[in-house]
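Participant: Predicted model and sequence below, questions to follow.
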Amino acid sequence: KELADRKAYLKNFWYAAALSSALPAKGKKPLGVDILGSRITLFRDETGKVVAADDTCPHRGAPLGEGWTTTDKATGKTCVVCPYHGWSFDAEGKLRDVPSATHGSWPKRPLLGSYAVEERGGFVWLFYGSPSLPAEERPPIPFTPELEDPSWRAVYGEIEFECGHWGVFENAIDMAHIHYLHGDSFGNAEKPAVMDMAT
């Protein structure tokens with residue numbers, strides 16, 4: 001229950017889902033990412049725009065992030081292809097091809113959930129929340145303008161923690177631990193006071 005409560009509290013916000021560089025412009029490989037316990041696949045469409053959809057194929061549960069992308073012959077749109085049976089889905093989550101079935105005899109409604117995505121400052125920002133929430137009512141992307149300022153040089157990196165997101169949040173805001181846990185690098189146990197910190 002606690003995890004479900006936390007997950008609900010953290011919905012309807014923007015999250016940095018990936019570095020833009022993880023999805024090359026001409027790449028054929030989708031990228032599976034985890035956001036608050038959900039697996040989502042990212043890929044670029046025919047215009048180079050990033051698309052985000054649920055990562056689990058509704059047919060047999062295979063991870064779409066382990067598949068590839070292809071161009072749908074009927075629409076010219078980029079689709080993500082399931083690595084298990086070759087089903088392909090477009091940016092709206094609609095099924096576009098089932099190689100083992102007669103063309104067009106499958107559902108017309110979206111079978112995958114999709115998510116709003118924006119690229120800013122070298123990141124793929126994903127809106128993890130209600131698809132019915134109008135764009136103008138969504139909170140702003142928690143963006144740092146210096147990432148797009150040509151007088152600054154952005155340095156990007158990724159760290160994967162083997163713990164839940166709540167532990168990462170608590171660690172990031174707990175400044176008092178720095179002097180002891182990181183005493184052999186940038187902490188200073190001789191002067192452990194946390195100065196000029198507003199909460």
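Facilitator: Happy to help now that I have it.
Participant: Now do the same contact list for the residue nearest to Pro30 when sequence neighbours are not counted.
Facilitator: Spatial nearest neighbour of Pro30, excluding adjacent residues (Cβ to Cβ, 6 or more residues apart in numbering): Phe43 at 4.0 Å. Where C-beta positions appear, they are placed from N, C-alpha and C, glycine not excepted. Neighbouring residues of Phe43 by Cβ atoms under 8 Å, 6 or more residues apart in numbering: Leu23, Gly27, Pro30, Leu31, Val50, Val51, Thr69, Thr78, Val80.
Participant: which residues in this structure form helices?
Facilitator: All helices of the chain, identified by DSSP state H, fall at 2-9, 165-173, 178-181.
Participant: Go through the ones you listed and find the least confident stretch.
Facilitator: Mean pLDDT across those is lowest at helix 2-9; the value there is a mean of 62.
Participant: Kindly state the beta-bridge partners for Ala18.
Facilitator: Val124 (DSSP bridges).
Participant: Quick check: it touching Asp34?
Facilitator: No: the pair Ala18 / Asp34 is not scored as a contact, 10.8 Å apart, by Cβ atoms under 8 Å.
Participant: How many neighbouring residues does the closest residue to Arg60 other than its chain neighbours have?
Facilitator: Leaving aside its chain neighbours, Arg60 sits nearest to Tyr84 (5.4 Å; criterion: Cβ to Cβ, 6+ apart). Tyr84 has 15 neighbouring residues, counting by other Cβ atoms under 10 Å.
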